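Peer 1: Just the structure for this:
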Amino acid sequence: MKSSEAIQGKNAGNYRIGLGEKLGFGSFAMSLDIATNFIATFFLFFLTDVFGISPALAGTVLLLGTIWDAVNDPLIGYYSINRRFKNGEIARPYAKWFALPTALIFILLFTAFNIPMSIRFIYIVVIYLIYDTFSTFLRIPSGSMPTLASGNVKDRIGFSVFSTAGSSIGVIIATLVCWPLINALSGVDEMGGLINPRTGFIGGSALAALVILGGTLFFYANTKERVMPLKDIKDKISTIDALKMLIGSREWVNNTLYMLFYNLSIIFVTASIVYYATYVLNDPGAVTILLGAYIATSLLTLPFVGIIHRKLGRKNLMILAAGILVLSKLYFIFDPANMVAVVINGALMGIGVAFSIVAFSTNRAEIADLIEWKDGRRIENMISAMSSFISKLGLALGNFIIGLILEITGYRGEFSVQPREAIGAINSFMGTIPMALAALMLIVAFRSKIVEAVSKMMNEKEKMNEESAK
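Peer 2: Just a heads-up that it's a prediction; the model follows:
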């Protein structure tokens, strides 16, 4: 009779991953990232300039979401690692069940109802917390499936490359398509302001919701779970035990810090870019140009990521990514109102983002293998839930800090010209702050040991297989 480990080896690598499956990963990443980037780029602006609450309260909405995440992400992760669906799968079906609810609540998130000012804050907090919960369930397959679909590192890199391409397309739809649509449906006055932004944001969010729904269901229809656990253990894992497994993994801690600093660095730019284009460049349409440079270089870089990964190795890829993100801010810091500087900033960011996402996504898949090898249990869904938490933590912290600083520096959505202090703050969100965060990424990358840990695990597995064959 074959051992569980032998079965895992068979299920993990003896098959061919088709283009349709890789496109499924890309479509799912597109769905998730159109939501993430639409929120990251427009939510704070929507709350302050359309929904009509103060910058400090707007930032607090996302901070409260993070507090909720600290509770619901581990709980949802615990629930999912101890549940199997009727078809035997543990992650993929969440895409089917939560695609429609997430898409619908996403539209409500950007619908500015005429409700009393006294309850607007409470209303938007409730809607955001519901969205956040649905989103956490929907994101479980995002982190788990690269591990469950294949045990082959080349396949996992391929999933990451297609996912990163899908992410870039999600950014394109969220910004280069939805933003012009928002402008067109809203109408733009002579000063560049939106005339009826409520209508514009409903239309833009509805388009994004359709992509969320379609891309997620395409992913569900074209992917499979193949990798079986080393041991068939029926005992449930407690939330505390699963968290201990994560915290006890040096590789997970380092990768998580790298992801957190990355997310914060990107969020500061994306969440402030509409403010920057509107009040520094005095041209809201510049958002399309700036993000276009970022997306174009990201897409152009992706075909070469696998080659560069093989040449440099994972650790050096992480170092290169962080170094490029640091470098992207240099020109901008010295001349923040220069369109050329900003385009260069966006272009270099696109390269750094492509390298970063592939690196930490591939790390995440291998961390699930390492934890199973060490502790005897697979906890992909918990890793996925906690990765979702880190992503949303970066979004919330970045938006909270931006909102708080804008409030302190005198920013008001009804002003056509903002105070000098607010303009200086907006420039720092685009330059010095993300540069410092990218430098922290660089420090973490130098400390990475995941390649050595995986190599050690593989050597130990080979020795065990040789001994069992004797």
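
Peer 1: Point to the residue nearest the middle of this structure.
Peer 2: Nearest residue to the geometric centre of the chain (CA atoms, centre = their mean): S391, 5.3 Å.

Peer 1: Leaving out chain neighbours, which residue sits closest to it?
Peer 2: Leaving aside its sequence neighbours, S391 sits nearest to N263 (CB to CB, 6 or more residues apart in numbering; 5.5 Å). (C-beta placed from N, C-alpha, C; glycine too.)

Peer 1: Tell me how far the residue nearest to the centre of the chain lies from A321.
Peer 2: 17 Å (CB to CB, to the nearest Å).

Peer 1: Could I get the buried residue list for whatever helix or strand the residue nearest to S391 lives in?
Peer 2: Using DSSP states H and E, N263 maps to helix 250-275. Buried residues in helix 250-275, defined by neighbour count with 16 or more other CB atoms under 10 Å: 251-252, 254-275.

Peer 1: about what we covered before: pretty sure the residue nearest to S391 is in contact with L393, am I right?
Peer 2: Yes - between N263 and L393 there is a contact under CB atoms under 8 Å: 7.5 Å.

Peer 1: Does the closest residue to T66 other than its chain neighbours lie in a helix or a strand, and which?
Peer 2: Distance criterion CB to CB, 6+ apart; nearest residue to T66, sequence neighbours excluded, is A396 at 3.8 Å. A396 is part of helix 380-408 when elements are defined by DSSP H and E.

Peer 1: can you check I307 too?
Peer 2: helix 286-312.

Peer 1: List the contacts of the residue nearest to S391.
Peer 2: N263 is in contact with I390, S391, L393, G394, L395, G398, counting by CB atoms under 8 Å, 6 or more residues apart in numbering.

Peer 1: about what we covered before: what separation do you get for the residue nearest to the centre of the chain and T362?
Peer 2: Distance from S391 to T362, by CB to CB: 16 Å.

Peer 1: residues touching the nearest residue to R447 once chain neighbours are set aside, list them.
Peer 2: Nearest residue to R447, sequence neighbours excluded (CB to CB, 6+ apart): N254, at 5.9 Å. By CB under 8 Å, 6+ apart, N254 lies in contact with V444, R447, S448, K449, I450.

Peer 1: Buried members of these into PyMOL, please.
Peer 2: Buried members of those, defined by 16+ other CB under 10 Å, are picked up in PyMOL with:
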select buried, resi 444+448+450
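
Peer 1: Next, format the contacts of N254 as TSV and append pLDDT.
Peer 2: Shown next, in TSV, are these (pLDDT from 0 to 100):
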residue	pLDDT
V444	95
R447	92
S448	91
K449	90
I450	90
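
Peer 1: Report pLDDT for I405.
Peer 2: The model reports I405 with a pLDDT of 93.

Peer 1: which residues of this structure score low on pLDDT?
Peer 2: Flagging of the chain using pLDDT under 70 yields the residue ranges 1-15, 190-193, 228-235, 469-470.
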